[in-house]
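Engineer: Fold the stuff below for me.
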Amino acid sequence: MSFQFSPRSVERLNGVHPDLVRVVHAALAISKSDFIVVEGLRTLAKQREYFQAGKSKTMRSRHLTGHAVDLAPLVDTDGDGDLELSWERSHFYPISDAMFQAAANLGVAVVWGGNWSTFVDMPHWELDRSKYP
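Structural biologist: The predicted model follows:
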């Protein structure tokens, strides 16, 4: 099965580092499940809002520099044949598989917020700081 980003998802990649954009597109091409781009480049005002609401634990988010994206699965959660946005943890693992495979294929180092221990952030993907300071 082949998936394609909506114009809205493509627009949300504007300002994101080209290497991460390539990984996201390559991941969708090999993914076993569909997903969308929820957010890419973020303003300082939006970051402050997320931080104050507890949705982010830092004011130094990689979203501010275009080094991070949030991705979310589209899944037929109610069995009607239509895909809905899902925040269920298990639905993020096919995205993870595709992102890590695409990153490896392209030689791009990425970090997944789903692997963090202190603040698990399933939608979050960023370029590895050690390679992309």
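Engineer: contacts, neighbours, all on C-alpha from now
Structural biologist: OK.
Engineer: any idea which helix or strand carries the most far-flung residue of the chain relative to its centre?
Structural biologist: What lies farthest from the middle of the chain is Asp80; by CA atoms, centre = their mean that is 25.9 Å. Asp80 belongs to no helix or strand when assigned by DSSP states H and E.
Engineer: Which parts of this protein are strands?
Structural biologist: Along the chain, counting by DSSP state E, strands occupy 35-39, 68-75, 84-85, 110-112, 124-127.
Engineer: quick one: Trp125 from Pro73, how far?
Structural biologist: 13 Å (CA to CA, to the nearest Å).
Engineer: Now do the residue nearest to Gln4 when sequence neighbours are not counted, the pLDDT please.
Structural biologist: With sequence-adjacent residues excluded and distances taken as CA to CA, 6 or more residues apart in numbering, Gln4 is closest to Leu28, at 7.2 Å. pLDDT recorded at Leu28 is 97.
Engineer: OK, contacts around Leu28?
Structural biologist: Ser2, Phe3, Gln4, Phe5, Asp34, Phe35, Ala98 (CA atoms under 8 Å, 6 or more residues apart in numbering).
Engineer: Can you spell out which residues form a bridge with the closest residue to the fifth one other than its chain neighbours?
Structural biologist: What it means is Asp34. Leaving out its chain neighbours, the residue that sits closest to Asp34 by CA to CA, 6+ apart is Leu74, at 5.3 Å. As for beta bridges, Leu74 partners with Leu85 under DSSP bridges.
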